[in-house]
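Novice: Generate a structure from the sequence data that follows.
(one chain, ligands or ions: 2)
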Amino acid sequence: MTTTDALAGVAAEPGSAKPDPLLVVDGVRRDFGGMRAVDVEHLEVQRGVITGLIGPNGAGKTTLFNLLTGFDKPTAGRWTYDGQDVTGVPAHKLARRGMVRTFQLTRVLSRLTVLENMKLAAVDQRGERFMAALLRPLWGAQEAEVERRADELLERFLLHTKRDDYAGYLSGGQRRLLEVARALMVDPTLVMLDEPMAGVNPALRQDLLGHIDGLRRAGRTVLFVEHDMDVVMEISDWVVCMAQGRVIAEGPPAVISGNREVIDAYLGSQHDEPTYREES
Ligand SMILES: Nc1ncnc2c1ncn2[C@@H]1O[C@H](COP(=O)(O)OP(=O)(O)O)[C@@H](O)[C@H]1O
Ligand SMILES: [Mg+2]
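Specialist: Ligands and ions are numbered 1, 2, ... in the order given. Have a look, this model is predicted:
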């Protein structure tokens, strides 16, 4: 049985139970002043598949990512990762346990080289004093191993020719690739990508899609935010739609793309509509 088959019997309704959930969210709320940005009653993310997280601008997708990955604190609620309560656990500790994320706005450091960015990801995630580590190559064998892994990933992401260039010289799309490559430095179990395709040109987009698909083939679990419905349909095993902080629908991509509430949520928001690329 493939991992995708594992979702075959799962109900296409908000909060549905999955056969093997890696992430389980319960009653997670985040209020900003009087505004409830996130209000997720129950959400399970199946292990080993790609789950697409969609929803109009302001739906609370990034805020939910921030909470789950320890970059923000919830007003209420709990969640488990791999069966263990990780509510409030800070980002660097979660990374050590295999849970990493990328940012909607890339956090690639322009004044460091591509390779330094990669090495920093490994060190940073280990919670060490990263600048010190960068300035003084002090971990010997470990450093060599980190560099070997970085080079291997740069090659895989076709960034090896940029290895010693300042990251500031990369195109927007290359920064995205670097951001994803960085996330892989810690050999993660769960990879959470916040709009990885934003600003990526069509050629690199296909590469990036291939890499995301590769994460699944390598047995990793992917949760990714995306607006382009073609991308979501192409690559997701399961789709979750948020609107106004809540999960309003979830199910297989073909079911969600025709879901009335999902369409209404997008049409009701002035900012953003699901985008479909023109056939070319
Ligand atoms: N730090 C913050 N302070 C106040 N409001 C915020 C903050 N972060 C997000 N919000 C608000 O929370 C809502 C959800 O935002 P966000 O999670 O970024 O949505 P999405 O990623 O789905 O577009 C929006 O109304 C946004 O303005
Ligand atoms: Mg966002």
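
Novice: Every contact and neighbour count from this point should use C-alpha atoms.
Specialist: OK.

Novice: Which strand or helix spans residue 119?
Specialist: Here residue 119 sits within helix 114-125, counting by DSSP states H and E.

Novice: name the helices or strands packed onto that helix?
Specialist: Helices and strands touching helix 114-125, by 3 or more CA pairs under 8 Å, 6 or more residues apart in numbering; DSSP states H and E, are helix 91-96, helix 130-135, helix 141-156, helix 172-183.

Novice: okay, those in TSV with mean neighbour count, distance to ligand 1 and mean pLDDT next?
Specialist: Below are the helices and strands packed on helix 114-125 laid out as TSV (neighbours: other CA atoms under 10 Å; distance: least, CA to the nearest ligand atom, whole Å; pLDDT from 0 to 100):
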stretch	mean neighbour count	distance to ligand 1	mean pLDDT
helix 91-96	20	17	87
helix 130-135	13	26	53
helix 141-156	16	28	88
helix 172-183	24	17	89
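
Novice: Could you point out which of these sits nearest residue 108?
Specialist: helix 172-183 (6.4 Å; CA to CA).

Novice: For that closest one, C-alpha coordinates in CSV please.
Specialist: Provided in CSV are the C-alpha atoms of helix 172-183 (Å, rounded to 0.1, in the frame of the first residue of the first chain):
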residue,chain,number,x,y,z
GLY,A,172,14.3,35.3,-6.2
GLY,A,173,13.8,31.8,-7.4
GLN,A,174,17.3,30.7,-6.5
ARG,A,175,16.8,32.1,-3.0
ARG,A,176,13.7,29.9,-2.7
LEU,A,177,15.7,26.9,-3.7
LEU,A,178,18.4,27.8,-1.2
GLU,A,179,15.8,28.3,1.5
VAL,A,180,14.4,24.8,0.9
ALA,A,181,18.0,23.3,0.6
ARG,A,182,18.8,25.0,3.9
ALA,A,183,15.8,23.3,5.6
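
Novice: mind checking how far the residue nearest to residue 107 when sequence neighbours are not counted is from residue 239?
Specialist: Spatial nearest neighbour of residue 107, excluding adjacent residues (CA to CA, 6 or more residues apart in numbering): residue 179 at 7.3 Å. Going from residue 179 to residue 239 by CA to CA, to the nearest Å gives 23 Å.
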